[in-house]
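A.B. asks: Next input, structure requested:
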Amino acid sequence: MAEVVFVDSEAAAGTLAAASIRSLILRKPDAVLGLATGSTPLSVYAALAASLAADPIDVSRVRGFALDEYVGLPAGHPESYRSVITRDAVVPLGLNPANIQVPSGDPATIRTAGLDYEAAILAAGGVDVQILGIGRTGHVGFNEPGSSFASLTRVKTLTEKTRADNARFFPSVDDVPIHCMTQGLGTILRARHLILLAFGPEKADAIAAAVEGPVSSSKPGSVIQLHPHVTVIVDEAAASKLDNLDYYRYAWAHKPWPGI
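C.D. replies: Model prediction:
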């Protein structure tokens, strides 16, 4: 069962997740972080940046792997996930850009990009903590409904709903790429700790399906039920359709050690 933690704001969620990541880096200076994009993880990066500014620690050896990348965006496009990760995480956290990898969205290398990315993750020793958001369709990474739980990094076709959700970052929905390169659900399952964050009522159905619903490829987020170490950090709105709210609160209040 996932550990479900309730917070009253995105900032509080970011502080909690950032403390866990900071502790990891102190224990393992060359920690491998799984970096998500979008609006959900911004509070984590902001809180971790603030922590590092107030009390610096060495992050020069920290490594990172992005979850996904659009296919076909020109190099340097502001909404490529290489640009987004650099802007939202690498620069604020003071990470070494040479240590941060993003799947290739270059159409010229698309046939081998997934295998190459999998090899790079394995060569790094695997991901220590993977930050995750969840889409309204229940997707994690860009693993849309129907994705295999054994899937590895590969090309996926985005649903119209996902493209519409991401259109806020582009001039119009027509500018959102149709294809992406994404870590697979099987890749995500190999990470040693998953931290899934969700906020707002529009995520309530997806969170209920991920945490308590049947394990089904129709609800890709439900793959977290197969992982031995998952922390789900949600606000009250995102948690509103969970059945076992009282137990999650009780378990967190009586956790035998602090933190996540």
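
A.B. asks: With adjacent residues omitted, what lies nearest to Val84?
C.D. replies: Spatially, and ignoring its direct neighbours in sequence, Val84 is nearest to Thr37 (4.8 Å; C-beta to C-beta, 6 or more residues apart in numbering). For every residue, glycine as well, the C-beta is placed using N, CA and C.

A.B. asks: my read: the one you found touches Ser80, true?
C.D. replies: No: under the criterion of C-beta atoms under 8 Å, Thr37 makes no contact with Ser80, lying 9.8 Å away.

A.B. asks: Which parts of the stretch 1-150 of the chain are helices?
C.D. replies: 10-27, 42-54, 81-85, 91-93, 110-123 (DSSP state H, counting those that start in this stretch).

A.B. asks: May I see those helices organised as a markdown table, with distance to Ser222, mean pLDDT and mean neighbour count added?
C.D. replies: What follows is the helices of the stretch 1-150 of the chain, written out as a markdown table (distance: least, C-beta to C-beta, whole Å; pLDDT from 0 to 100; neighbours: other C-beta atoms under 10 Å):
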| stretch | distance to Ser222 | mean pLDDT | mean neighbour count |
| --- | --- | --- | --- |
| helix 10-27 | 21 | 98 | 18 |
| helix 42-54 | 23 | 98 | 19 |
| helix 81-85 | 24 | 96 | 22 |
| helix 91-93 | 31 | 98 | 18 |
| helix 110-123 | 23 | 97 | 15 |
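
A.B. asks: Just send those helices back as CSV, with distance to Pro74 too.
C.D. replies: Converted to CSV, the helices of the stretch 1-150 of the chain look like this (distance: least, C-beta to C-beta, whole Å):
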stretch, distance to Pro74
helix 10-27, 31
helix 42-54, 24
helix 81-85, 11
helix 91-93, 21
helix 110-123, 15
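
A.B. asks: Relative to Thr162, which of these is closest?
C.D. replies: helix 81-85 (14.1 Å; C-beta to C-beta).

A.B. asks: so how many other residues sit close to Arg87?
C.D. replies: Arg87 has 13 neighbours, counted by other C-beta atoms under 10 Å.

A.B. asks: Sounds good, over and out.
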